[in-house]
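1. take a look and give me a structure for this.
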Amino acid sequence: MTWEIKHFNDLTPKALYDLIKLRLEVFIGEQGCSYEDLDDRDKQAYHVFLYDADKVVAYCRILDEGVAYEEHSIGRVCVHSNYRNQGLAREMMKYAMQFVKNQDCTHQIKISAQSYIIPFYESLGFESISEPYLEEGIEHRKMKWK
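-> Down below sits the predicted model:
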């Protein structure tokens, strides 16, 4: 299994389908979120993903400065339920963070993190910068890394 990172314009139709499928399974199916996952930001994003055979098992997207926040951001972080607790999320986040570091001399990333997973993001060097707020009925906090 090898990590891939591709800008939206470089994704094949199959890869795009597979990425969206995983996001829908996790965010809509498992978490019951009822939001428009396809928010047009995908078209401006770099997509980080990992295939195991013909299935995407981990995914996140990287948004450039000014798309969601003044800083770069990483979002839609998800791992297929059968592949959790194997360190894939940590490996993927480090890969995405290194990509941002190589692109941006300020080395700043802002995320909207579900509160239950804040310790994970803190272990990667992110710090909470907001009070809790609800997004799709799930408590979140803004976090920043530099």
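
2. ok, Val79 - contacts?
-> Remark: with contacts taken as Cβ atoms under 8 Å, 6 or more residues apart in numbering, Val79 is in contact with 26, 57-59, 88-89, 92. Heads up, the C-betas are built off the backbone N, CA and C, glycines and all.

3. if we use 6 Å, what do you get?
-> Residues counted as contacts of Val79 (Cβ atoms under 6 Å, 6 or more residues apart in numbering) are 58, 88-89.

4. measure it to Cys60 for me?
-> Shown here: Val79 relative to Cys60, a distance of 9 Å by Cβ to Cβ, to the nearest Å.

5. list the contacts of Ser73.
-> Contacts here follow Cβ under 6 Å, 6+ apart; on that basis Ser73 touches 63, 110-111.

6. the same query, at a cut-off of 8 Å, please.
-> Counting by Cβ under 8 Å, 6+ apart, Ser73 makes contact with 62-63, 67, 109-112.

7. ok, His7 next?
-> Remark: with contacts taken as Cβ under 8 Å, 6+ apart, His7 is in contact with 45-47.
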